[in-house]
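A.B. asks: Below are the sequence and a predicted model; questions follow.
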There are 2 protein chains.
Amino acid sequence: MAKNKFAPHHPRNRALTKPHGAGHVIGIDIGATNLRVALADTKGEVLAKWSTSTKRTSSPKMVMQQIRTGVNHLLQQACVPRSSLLAVAAGAPGITDSETGIVFATSFLKGWKNVRLADLLKSALDVPAVVENDVKLAAIGEHWMGSARGNGNFVFLAIGTGIAAGIFVNGQLVRGKNCAAGEVGYMVVPGTSEAPIKRGMPGSLESVIGGDGIGTQWLRACNGKYNSQAQDLTASEIFEHAAFGDRFAKTVLDHSARILAYAVYNISVVLNTSLFVLGGGVGMSAPLLHATRKILKQYDEPVLPKLITSRLGQDAQLIGAIRLALDEAESRANSQR
Amino acid sequence: MAKNKFAPHHPRNRALTKPHGAGHVIGIDIGATNLRVALADTKGEVLAKWSTSTKRTSSPKMVMQQIRTGVNHLLQQACVPRSSLLAVAAGAPGITDSETGIVFATSFLKGWKNVRLADLLKSALDVPAVVENDVKLAAIGEHWMGSARGNGNFVFLAIGTGIAAGIFVNGQLVRGKNCAAGEVGYMVVPGTSEAPIKRGMPGSLESVIGGDGIGTQWLRACNGKYNSQAQDLTASEIFEHAAFGDRFAKTVLDHSARILAYAVYNISVVLNTSLFVLGGGVGMSAPLLHATRKILKQYDEPVLPKLITSRLGQDAQLIGAIRLALDEAESRANSQR
C-alpha cells in the first residue's frame, strides 16, 4: 500500500506546494520493513514524502520498481518535471561501499549480496545516483539538521534489531578501510559473549541489547510468570514497564543500560567525542536513556560523554540521503564549471 | 648524565656532519625516565641527538634546564647557529592540548598539572614552540616515517606502564573534544575490572596488560614457586619465558594476548582501521604480537585488522616531534608570505 505516512505538521512538510527552483533531488531510505522516498529542492526543503512496506518485496528488482512508483508519485504531487532531477541518494541496511555504489551484504531484505545499488538506481531513474550505509546516512542527517547540527565530532548510535554507529571525526564521516567503521554491534564488553561471531550472525553487543536480545532477556527474567501477550512486548514497551515499576522489566532495563554504558564508554575512550546521539527503535527509549546516563555518570574518567536521543527520529536517514544527493548534485555542478 | 645514547648506525644518524640548509628544528620527547632531544634540518634529516635521564629531575623548570643544555650541545655538535632554529616541538606523557600548549596532567614526572609547556619552551629557547601528547606524537612519527607510512587510517597502540593510542582517521590525527582521544587504557572488556576509575588511577585495561598489570599477573601465576629474581622479571622477559615454554609465563601471555585482542577488536569495530601498530616496552614484545594475532584471527567478523610492531621503536615520538616542528615552521613561513 503506497501512501504518504508522514504527519502534515512535520516542519519539513511545510512546503508541499512550493514550486521547483533550480533543480531537485531524491532521498531514499531502504529499510528492513519500510521504503521511504522524499523529494527536496536544492535548499534541502522537502517538498513531498512517500513510503511503502518492504516486508514482502525484498529483491533489488522489486525495490527498484517500488522506488520508480514512489518517485513518479512525488514528482506528480509536487508538480516537478522529471528533467529537474539532479541526483538521487539511497541508504541500505548493510555494509555499503559509497565509492563503488555496491551494497556488500544486508542481514534484512532477505540478505542482499554485492548489489550494485547505485547502478540500479541510475538505470531506474536516469539520474546520477549515490549510496551509503543507512546508519552512516542517519549520522549525516543528524549532522546536517538534527541533534548534532554543526558538531564535527559525534557518534550516532542506532539501536534497533541490530546495532551500528555513524561516526563523525574532525568534521568528516568515518567510513573505514572496508566501509565497516561503526559496526559496533560486534563489540565485546563485560556481560557479552566472548565467542567469535560466525558470518551473518548478530554481533556480541547486539545479541544482548539489540531488539531480539532484549526480548530474550525479558523472557528469561519473566520465566513464564506473565501471559504470552506480556511476553511479546517490544524492547521499548519493556523499558516503559520498568519505568512504571515492573521488577522483571527493571532487571532487563538495568542490565541493558549497563551494557550500553560500557559500549558508549569504550567508544568514548577511543574517540573522545563530545556527543552520542541515540537512534533506532530501542535507542530512542527514554527510560533506557535515563538509566544509561545514570550509570555513565560513574564512568567519568577520562571524560564523561553527553548522551541524547535523536531529534530527527525515523527521518534521520531520509534527511541524510537528501544531504548526500545535494552533495552529489553540487559536486557535479562544480565539476562542469 | 647527558650523553648521546643513540647507535651511530641508525639511519637517521647518518648526516651528523651535514651543514645546515635553510633552517633547523628541534624535536623533544619528554618521557617518564628519559628526555630525548634531536636537531633536524628542514628536510627532516636528523643531524644530532642527545638524551638524559628525567628520573630525578621532574619539575617543568628542571626539565627546561635540561632541554636548554641539550639544545646547546646539539647546535654546537652540528655547527648550527642558534639563529637558524625555526621551531621546536615536544611531547609529554599526559593529556595535552596542542592548541593552547598546555599539559593538563601527567601520571609520571611527579604529576605535572596544567603546565604551559609551549610557553615555557618558547621562553627557554626563544623559538616558536608546539606541544602534543607523546603517544599522538609517536603516531605522527609512524605515519611520517614508520610502520604506517602513507596510511591515513591506522592506530598506534602504545603499551608500556600505561596504555594509550594515537589514531589517524581520513589522513588526520584524532585529538578528541578534550584532547583525550586514544585514552584506551580505560577500556572495559571481558576480563577487566568493571569498577569505575578514580582520578589519577590506572584504567581497567592498563591495570591488566600494562607493565605493572602483567607483573601482578605473573606474581599470581607463580604463586611463590620462583625466587625473587624471577619474580622481578619485566613484562617482555615474562613473555620471552612463555615463548620458551614456562607454563606460568604462558598463562600470563595467553591471558594478556586475549585481553589485548579484545581491545584491538573493539577499536577495530569502531574505526575499521586497516592497521594497528604496537609500540611501547610491552607492545614491542614479539611473543605478545604472535599470541594476539592468533586469537584475533578467530575474531574476523566484520573484518580482521592487521597487527604489526612499530618500526621506529623508541624513536617514534622523537620523529613525530620533528614532523610537528617542521609543520609549525612551514605554517609560519606560509603565513608570512
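C.D. replies: Sure thing, it's come through.

A.B. asks: drop to CA atoms for contacts and neighbour counts, all remaining ones
C.D. replies: OK.

A.B. asks: Quick one: mean pLDDT over stretch A:217-236.
C.D. replies: For stretch A:217-236, mean pLDDT is 90.

A.B. asks: And the contacts of that stretch?
C.D. replies: A:V208, A:G211, A:I214, A:G215, A:I238, A:F248, A:A249, A:T251, A:V252, A:G281, A:V282, A:S285 (CA atoms under 8 Å, 6 or more residues apart in numbering or on different chains).

A.B. asks: Kindly recompute the last result at 6 Å.
C.D. replies: A:G211, A:I214, A:F248, A:V282, A:S285 (CA atoms under 6 Å, 6 or more residues apart in numbering or on different chains).

A.B. asks: again with stretch A:74-91
C.D. replies: So stretch A:74-91 is contacted by A:23-30, A:127-134, A:321, A:325, A:329 (CA under 6 Å, 6+ apart).

A.B. asks: repeat that with 8 Å
C.D. replies: A:16-20, A:22-30, A:38-39, A:47-50, A:121, A:127-134, A:137, A:317, A:321-322, A:324-326, A:328-329.

A.B. asks: out of the contacts of stretch A:217-236, which are inside helices?
C.D. replies: Counting by DSSP state H, the contacts of stretch A:217-236 place A:G211, A:I214, A:F248, A:V282 in helices.

A.B. asks: and the stretch 101-250 of chain A, which residues reach chain B?
C.D. replies: Within the stretch 101-250 of chain A, the positions near chain B by CA under 8 Å from any CA of the partner chain are A:153, A:165, A:169-170, A:172, A:174-184, A:186-192, A:194, A:196-199.

A.B. asks: Repeat the analysis, applying 6 Å as the threshold.
C.D. replies: A:G176, A:K177, A:A180, A:A181, A:G182, A:E183, A:V184, A:M187, A:V189, A:P190, A:P196 (CA under 6 Å from any CA of the partner chain).

A.B. asks: so how far is B:F276 from the residue in the stretch 1-150 of chain A that chain B sits nearest to?
C.D. replies: The stretch 1-150 of chain A approaches chain B most closely through A:I95 (9.4 Å), counting by CA to the nearest CA. Distance, A:I95 to B:F276, using CA to CA, to the nearest Å: 22 Å.

A.B. asks: can you check A:G146 too?
C.D. replies: For A:G146 relative to B:F276 (CA to CA), the value is 34 Å.

A.B. asks: Of the two, which one has the most company?
C.D. replies: Comparing A:G146 with B:F276 by neighbour count (other CA atoms under 10 Å in any protein chain shown), the higher total belongs to B:F276, at 24 against 21.

A.B. asks: doesn't that one fall inside a strand?
C.D. replies: Yes: looking at B:F276 with DSSP: H, G, I helix; E, B strand; the rest coil, it is inside a strand.

A.B. asks: hang on, A:A90 in a strand?
C.D. replies: Yes: counting by three-state DSSP, A:A90 is located in a strand.

A.B. asks: Which residues does it form beta bridges with?
C.D. replies: A:I28, A:V131 (DSSP bridges).

A.B. asks: Now A:V71: closest residue in space that isn't a chain neighbour?
C.D. replies: A:V37 (7.2 Å; CA to CA, 6 or more residues apart in numbering or on different chains).

A.B. asks: Same question for the helix or strand of chain A with the lowest mean pLDDT: list its buried residues.
C.D. replies: Scoring the helices and strands of chain A by mean pLDDT, DSSP states H and E places helix A:228-231 at the bottom, with a mean of 84. The neighbour-count check on helix A:228-231 (16 or more other CA atoms under 10 Å in any protein chain shown) flags A:Q231 as buried.

A.B. asks: next one: stretch A:163-174
C.D. replies: A:I163, A:A164, A:A165, A:G166, A:I167, A:F168, A:V169, A:N170, A:L173, A:V174.

A.B. asks: what does stretch A:237-251 give?
C.D. replies: Per 16+ other CA under 10 Å, stretch A:237-251 contains these buried residues: A:I238, A:F239, A:E240, A:H241, A:A242, A:A243, A:F248, A:A249, A:K250, A:T251.

A.B. asks: What is the helix or strand encompassing the last one packed up against?
C.D. replies: Assignment of secondary structure by DSSP states H and E places A:T251 within helix A:247-271. Where contact means 3 or more CA pairs under 6 Å, 6 or more residues apart in numbering or on different chains; DSSP states H and E, helix A:247-271 is packed against helix A:235-243, helix A:286-296.

A.B. asks: and A:L157, which of those helices is closest to it?
C.D. replies: helix A:286-296 (12.0 Å; CA to CA).

A.B. asks: The residue of the stretch 1-150 of chain A closest to chain B: how many residues sit nearby?
C.D. replies: Residues near A:I95, counting by other CA under 10 Å: 25.

A.B. asks: Could you chop chain A up by domain?
C.D. replies: A:11-133, A:147-310 (automatic domain parsing).

A.B. asks: Pick out the shakiest of those domains, pLDDT-wise.
C.D. replies: The bottom spot among those, by mean pLDDT, belongs to domain A:11-133, with a mean of 88.

A.B. asks: Which pair in the residues of the stretch 101-250 of chain A next to chain B has the greatest spatial separation?
C.D. replies: A:K177 and A:P190 (27.2 Å).

A.B. asks: State the distance from A:I159 to B:A230.
C.D. replies: 49 Å.

A.B. asks: that older thread, can I get the ones in helices among the contacts of stretch A:217-236 in a markdown table with distance to A:P305?
C.D. replies: Formatted as a markdown table, these follow (distance: CA to CA, whole Å):
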| residue | distance to A:P305 |
| --- | --- |
| A:G211 | 24 |
| A:I214 | 24 |
| A:F248 | 29 |
| A:V282 | 20 |
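
A.B. asks: For B:M64, state which of those is nearest.
C.D. replies: A:V282 (54.1 Å).

A.B. asks: In contact with the spatially most central residue of chain A: list those residues for me.
C.D. replies: Centroid check for chain A by CA atoms, centre = their mean gives A:V135 as the closest residue, at 3.9 Å. Listed by CA under 6 Å, 6+ apart, the contact partners of A:V135 are A:G166.

A.B. asks: Give me the buried positions along stretch A:27-37.
C.D. replies: A:G27, A:I28, A:D29, A:I30, A:G31, A:A32, A:L35, A:R36, A:V37.

A.B. asks: For it, give me every contacting residue.
C.D. replies: Contacts for stretch A:27-37 (CA under 6 Å, 6+ apart): A:38, A:49-55, A:88-92, A:108-109, A:318, A:321-322.

A.B. asks: In ChimeraX, select just the buried ones from those.
C.D. replies: To isolate the buried ones among those in ChimeraX, judged by 16+ other CA under 10 Å, type:
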select /A:38,49,50,51,52,53,54,88,89,90,91,92,108,109,318,321,322
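
A.B. asks: Among the contacts of stretch A:27-37, which ones are in helices?
C.D. replies: Using DSSP H, the contacts of stretch A:27-37 in helices are A:L318, A:A321, A:I322.

A.B. asks: how far away is the residue nearest to the last one when sequence neighbours are not counted from A:T69?
C.D. replies: Just to be clear, that refers to A:I322. In space, and not counting its chain neighbours, A:I322 is closest to A:G27: 4.5 Å by CA to CA, 6+ apart. Distance check for A:G27 against A:T69: by CA to CA, it reads 14 Å.
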